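A.B. asks: Mind folding the following:
(chains A and B)
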Amino acid sequence: MGKRLKIYLPFAANEMKRQMAYKGAFYLFILIDLFSSFIRYYLWMAIYGSSGQEVLGGLSRSEMVVYVFMVYVTSSVVMISISTKVSDDVVMGTVAMNLIKPIDYRLSLISQAFGALMYRFLVPCIFIWSGLEIYKVTVLGLTLAGGKEILLYLLSCIMSFMIYVLFDFCFGMIAFFTTYIFGLRLVKEALLGFLTGQLIPISFFPKAVRQVFDFLPFSSMVYTPVMIYLGKYTGSTLMFMLLRQAAWVMILYLLGSLIWKKVTKRLVVLGG
Amino acid sequence: MSKWKRYLRLYRVLITQFLKTIMQSKIDFLMGLFGFFFNQIMGIAFLYLVFEQIPSLKGWTLDQLIFIYGFAQIPRGIDHLFTDNIWLVAWRLVLNGDFDRYMLRPMNILFQVIAEKLQPDALGELLIGTILVCRALTKGIVITDALHFVLFFVSILAGALIYTSIKLFFASLAFWLKTSGPFLQMAYEMADFAKYPTEIYAKGIRFLITWVIPFAFVAYLPASYFLKSGTSPGIIGIECGIAAVLWCVAYALFQYGTRIYESAGN
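C.D. replies: Residues are numbered from 1 along each chain as shown, chains lettered A, B, ... in the order given. Below is the predicted model of the structure:
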């Protein structure tokens, strides 16, 4: 374990350094991402205003504010795409270099993604999170998040990260079959925005659709940690949600290994 | 006059060359188109789910909102289709010195940038926009007299010009900053605000998207003219005025930028 850490830690550290090198653009992109959260915020406020009800889809108006911005925090920490790297490596042929090195390709990618996670957590997320907590207490009149919720949330986030990254690795494997995954990536992002609960809480979907979602890994990526943070899951439901996340980590890990084994067999790289 | 003819002919030649490269990768083309199409479908699905809970949003019905949403896609799609290459100016043509080649040819520089590429992905946006507008027509919620009909097309063209001008303005900043991609992206993404009625936003944001980066004039404001009788056609007039002013400012900045452009490298 110690030896492994020594091998893969530099991947994470380097990625953090790389991200820091492009700070200027990075700050602007944070702003851009926040735009859509603000659009959603205003939209929801108008929706609650027009409905005349206090609770929609199981969330009160104040909870919805927390939901919108915690979705931002969670998804920017959790959803770190590695499929771009995979497809670039495959298309350029550099994947061959990774095959001859005595390291696990997937683990090195995950380590890099983890570096990005740490950086994003430190730079925008912790500030937005704290800002949200202050807003929650002073304006919305809710209580500060408890230590237990925060710890469970962070635990759930780590698993969400694993689920997303492992899923994205499998997705990146498509590059072995077609060199153009830009369009597919658009589709993936649009679909995930919906299935993970980023756009709209999953409780708004009709019951039949929700039952289908229960058998997919996507709600475990963003929706579950945010609902845990909101304190919506307790007791055995909470345990079940966490166990389901753990199960998805296992399943996607095995699936990724299987696909990787299959595709590297048929890999052809030209040149030397 | 012969100058115009020459440019038209050149455009045809350049675009034909570009289309040949597209034809080599039909699947890429279809997937890009599908990607943009699908993206918008999700936005509509969101509205449907929300309207399960509420009868109307600030006085707007679901059908009206879908019309606004679809109407917003058409000028965006037109601009996206024809002038997508401007993005490259912002991201890298100035930075890596590739802009040199435009400076050397005896043709209008902006024309060369634009004529180099068509972005077929934009057909996805145009397609969904057209479908949603037609849907609104069959529902009979759109006013369809002769004046509205003509102004519909005027508004779409003016809207596309607003898009192009905003893009050109922020891309031209690259002549000073070397790369202005993030700024352009930021300005461009503000268009998303205008997909919904601007009444829902706080005053500051409303002012920003109406008068500073006037995307409200591309989508929501003209769309409401087609939906609500008694709205003055003056709104389309203002849209055209804004489009003209923005275009002049953006093009002047671009011209000025090309004059101070210094190539990269040694």
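
A.B. asks: where do the strands sit along chain A?
C.D. replies: Taking DSSP state E as the test, the strands found in chain A are A:55-56, A:59-60.

A.B. asks: For those, please prepare JSON lines with the additional fields mean neighbour count.
C.D. replies: In short, each C-beta sits where N, CA and C put it, glycine included. Formatted as JSON lines, the strands of chain A follow (neighbours: other CB atoms under 10 Å in any protein chain shown):
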{"stretch": "strand A:55-56", "mean neighbour count": "16"}
{"stretch": "strand A:59-60", "mean neighbour count": "18"}
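
A.B. asks: For those, give me CSV that also has mean pLDDT.
C.D. replies: Formatted as CSV, the strands of chain A follow (pLDDT from 0 to 100):
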stretch, mean pLDDT
strand A:55-56, 90
strand A:59-60, 92
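
A.B. asks: Now tabulate those strands in CSV and tack on distance to chain B.
C.D. replies: Conversion of these to CSV gives the following (distance: least, CB to the nearest CB, whole Å):
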stretch, distance to chain B
strand A:55-56, 5
strand A:59-60, 11
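
A.B. asks: Residue B:256: which element?
C.D. replies: Taking DSSP states H and E as the criterion, the element that holds residue B:256 is helix B:234-260.

A.B. asks: What residues does the stretch 51-200 of chain B have near chain A?
C.D. replies: Contact residues of the stretch 51-200 of chain B with respect to chain A, defined by CB under 8 Å from any CB of the partner chain, are listed as B:52-58, B:121, B:181-183, B:185-186, B:189-190, B:192-193, B:196, B:199-200.

A.B. asks: who in the stretch 101-250 of chain A is up against chain B?
C.D. replies: The interface of the stretch 101-250 of chain A toward chain B, taken as CB under 8 Å from any CB, is made up of A:178, A:180, A:182-187, A:189-191, A:193-194, A:199-200, A:204-206.

A.B. asks: could you flag which of these are buried?
C.D. replies: For these, a burial check counting by 16 or more other CB atoms under 10 Å in any protein chain shown picks out A:180, A:183-187, A:189-190, A:193-194, A:199-200, A:204-205.

A.B. asks: Okay, and which of the residues you listed map to helices?
C.D. replies: Counting by DSSP state H, the members of those that fall within helices are A:183-187, A:189-190, A:193-194.

A.B. asks: Residue A:208 and residue A:214: what is the separation?
C.D. replies: 11 Å (CB to CB, to the nearest Å).

A.B. asks: Over to residue B:131?
C.D. replies: Shown here: residue B:131 relative to residue A:214, a distance of 32 Å by CB to CB.

A.B. asks: Which of the two has more residues huddled nearby?
C.D. replies: A count of neighbours by other CB atoms under 10 Å in any protein chain shown puts residue B:131 above the other of residue B:131 and residue A:214, at 16 against 10.

A.B. asks: Verify the stated contact: residue B:48 with residue B:62.
C.D. replies: Yes - shown here, residue B:48 and residue B:62 form a contact pair, counting by CB atoms under 8 Å, at 7.2 Å.

A.B. asks: ok, those two, which is more surrounded?
C.D. replies: residue B:62 (17 against 10).

A.B. asks: Where does the residue nearest to the spatial centre of chain B sit: helix, strand or coil?
C.D. replies: A centroid search over chain B (CA atoms, centre = their mean) returns residue B:76, at 3.1 Å, as the residue closest to the centre. Secondary structure state of residue B:76, per DSSP: H, G, I helix; E, B strand; the rest coil, is helix.

A.B. asks: can you map out the helices along the stretch 51-200 of chain A?
C.D. replies: According to DSSP state H, counting those that start in this stretch, the stretch 51-200 of chain A carries its helices in the segments A:61-78, A:83-92, A:95-100, A:105-120, A:126-135, A:147-172, A:182-195.

A.B. asks: out of the ones you listed, deepest packed?
C.D. replies: Using mean count of other CB atoms under 10 Å in any protein chain shown, the stretch among the helices of the stretch 51-200 of chain A with the greatest mean number of neighbours is helix A:61-78 (a mean of 22).

A.B. asks: what comes up buried for the helix of greatest length in chain A?
C.D. replies: Taking DSSP H as the criterion, chain A has its longest helix at helix A:235-265. Applying a neighbour-count criterion of 16+ other CB under 10 Å, one finds A:238, A:241-242, A:244-245, A:248-249, A:252, A:256, A:259-260, A:263 buried in helix A:235-265.

A.B. asks: For that helix, which helices and strands make contact with it?
C.D. replies: helix A:105-120, helix A:147-172, helix A:223-229 (3 or more CB pairs under 8 Å, 6 or more residues apart in numbering or on different chains; DSSP states H and E).

A.B. asks: Which two among the ones in helices among the buried ones among the residues of the stretch 101-250 of chain A next to chain B are spaced furthest apart?
C.D. replies: For those, the farthest-apart pair by CB to CB is A:183 and A:194; their separation is 17.4 Å.
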